[in-house]
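Novice: Quick one: sequence and predicted model below, then my questions.
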Amino acid sequence: MRRIGKKWAGCRPREEYDTSRAMTNGTAAGNQPRPGQHRGGRNGGWRILRFVDELRKFVEHGGTEPEILFPGAGPPPFGRGARMRKRGLGNREIASKMLKTWAMAKNPSLRRHIPETCWYRPEALGDMLSRHGFVFLKPDKGGGGGGAIRLRILGSGDVELKTLKHTRVLKPGDSIRRVEQCMIPGKRYIIQQGIRLATVKGRPFDIRVHLQKVKGEWLVLGMCAKVAAPGKIVTNHCKGGQPMEPEEAVRMASGSSFRAREVTDELHACSLDIAKTLNHSFKGIRELGIDAGLDENFLIWIFEVNTRPDFKMFRYLKDRSVWRKIRDMHRLLQ
């Protein structure tokens, strides 16, 4: 095709396609959106929202709300962040923490590893705090520990409220108002049962497990313990968490090399089970970052699963070959 003046030889005349781009009240003329779609993109193209369709398939396959583990939980709201976005060669991001928790709870073998979780409501917060002693509140969508709040009942009966920036001691009657002031505006929050984590030198830690789907098979490419920075309520590497070899962290916490090997082997198997369970409900995911914790008895708890996981922390382990392997495989998904 060659250019003649300001026109391209061989192109259709503009009048042939002007009508398809004409917009009336934000909608393409003669091209109304199908359910589950919204208009987006620089040229007014349609971005397909997959969440509605995927949730319908999930429910048809028997997905139901676990009444005991997740009182008050239910399918996440429709809208931004509660959708599945296609990335790269088909990798999809599932933004909603509750949706992923709900899907994992379908698997009886995983249910015992999931802390009690529900949507934030003032009455639900009071109930869970009284039963568990301390809880975490998190935005349903978002990562990096942003917006996290920890509430803990003190011996005096007062409530300690701790965020990434400050700590306050509140009277029980004032706690709901203060909590809601700390929440990110416009974000829907979940409440998660607090778990007293095993510690390394007095600092709690959890373990990130990174998985990728290679040639149709899920593989655990690496594990990394994240030791919380002093005084922090989250272990995220971007919030000062210290990367550490997982077996070393468990050995230091338990004092037993045998226990360290036993726990990491169990976590490896559990992570593969999680990947297969989520993949059954959400076709197209190819990469997962699982945040798992160990309680004081070294039982495994699954806190969160990320479908767009950060893996910079692996760069700071002694064995950098793990980071290089994850990085190289990740690039294939972009």
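Specialist: In hand now; what should we look at?
Novice: Could I have the CA atoms of stretch 189-209 written out in CSV?
Specialist: Output in CSV follows, covering the C-alpha atoms of stretch 189-209 (Å, rounded to 0.1, in the frame of the first residue of the first chain):
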residue,chain,number,x,y,z
TYR,A,189,-13.1,-4.9,52.7
ILE,A,190,-12.9,-8.5,53.9
ILE,A,191,-12.3,-9.7,57.4
GLN,A,192,-9.9,-12.6,57.9
GLN,A,193,-9.3,-14.6,61.1
GLY,A,194,-6.0,-13.7,62.6
ILE,A,195,-3.4,-16.5,62.9
ARG,A,196,-0.5,-16.3,65.4
LEU,A,197,2.4,-17.0,63.2
ALA,A,198,5.6,-18.9,63.9
THR,A,199,8.5,-16.4,64.4
VAL,A,200,12.2,-16.0,63.6
LYS,A,201,13.9,-14.1,66.3
GLY,A,202,10.6,-12.8,67.5
ARG,A,203,9.5,-11.6,64.1
PRO,A,204,6.6,-13.4,62.3
PHE,A,205,7.1,-14.9,58.9
ASP,A,206,5.1,-16.4,56.1
ILE,A,207,6.1,-18.2,52.9
ARG,A,208,5.6,-17.2,49.3
VAL,A,209,5.2,-20.2,46.9
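Novice: low pLDDT regions in the stretch 151-300 of the chain?
Specialist: Residue ranges of the stretch 151-300 of the chain with pLDDT under 70: 237, 239.
Novice: Tell me where it has strands.
Specialist: 159-162, 167-170, 189-193, 199-200, 203-214, 217-227, 242-244, 287-294, 300-306 (DSSP state E, counting those that start in this stretch).
Novice: Tell me which of the ones you listed lies nearest to residue 116.
Specialist: Distance to residue 116, taken as Cβ to Cβ, is lowest for strand 189-193 among the strands of the stretch 151-300 of the chain, at 4.1 Å. For the C-beta atoms, the positions are set from N, CA and C on the backbone; glycine is no exception.
Novice: between the closest one and strand 300-306, what angle do the directions make?
Specialist: Angle, strand 189-193 to strand 300-306, by axes from the mean of the first three to the mean of the last three Cα atoms, to 10 degrees: 160 degrees.
Novice: Output the contacting helices and strands for strand 189-193.
Specialist: Counting contacts by 3 or more Cβ pairs under 8 Å, 6 or more residues apart in numbering; DSSP states H and E, strand 189-193 packs against helix 97-104, strand 117-119, helix 122-132, strand 134-139.
Novice: Can you add distance to residue 153 and mean neighbour count and give the strands of the stretch 151-300 of the chain back as JSON lines?
Specialist: Output for the strands of the stretch 151-300 of the chain, formatted as JSON lines (distance: least, Cβ to Cβ, whole Å; neighbours: other Cβ atoms under 10 Å):
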{"stretch": "strand 159-162", "distance to residue 153": "6", "mean neighbour count": "20"}
{"stretch": "strand 167-170", "distance to residue 153": "11", "mean neighbour count": "14"}
{"stretch": "strand 189-193", "distance to residue 153": "13", "mean neighbour count": "22"}
{"stretch": "strand 199-200", "distance to residue 153": "20", "mean neighbour count": "18"}
{"stretch": "strand 203-214", "distance to residue 153": "18", "mean neighbour count": "22"}
{"stretch": "strand 217-227", "distance to residue 153": "26", "mean neighbour count": "20"}
{"stretch": "strand 242-244", "distance to residue 153": "29", "mean neighbour count": "19"}
{"stretch": "strand 287-294", "distance to residue 153": "20", "mean neighbour count": "22"}
{"stretch": "strand 300-306", "distance to residue 153": "20", "mean neighbour count": "20"}
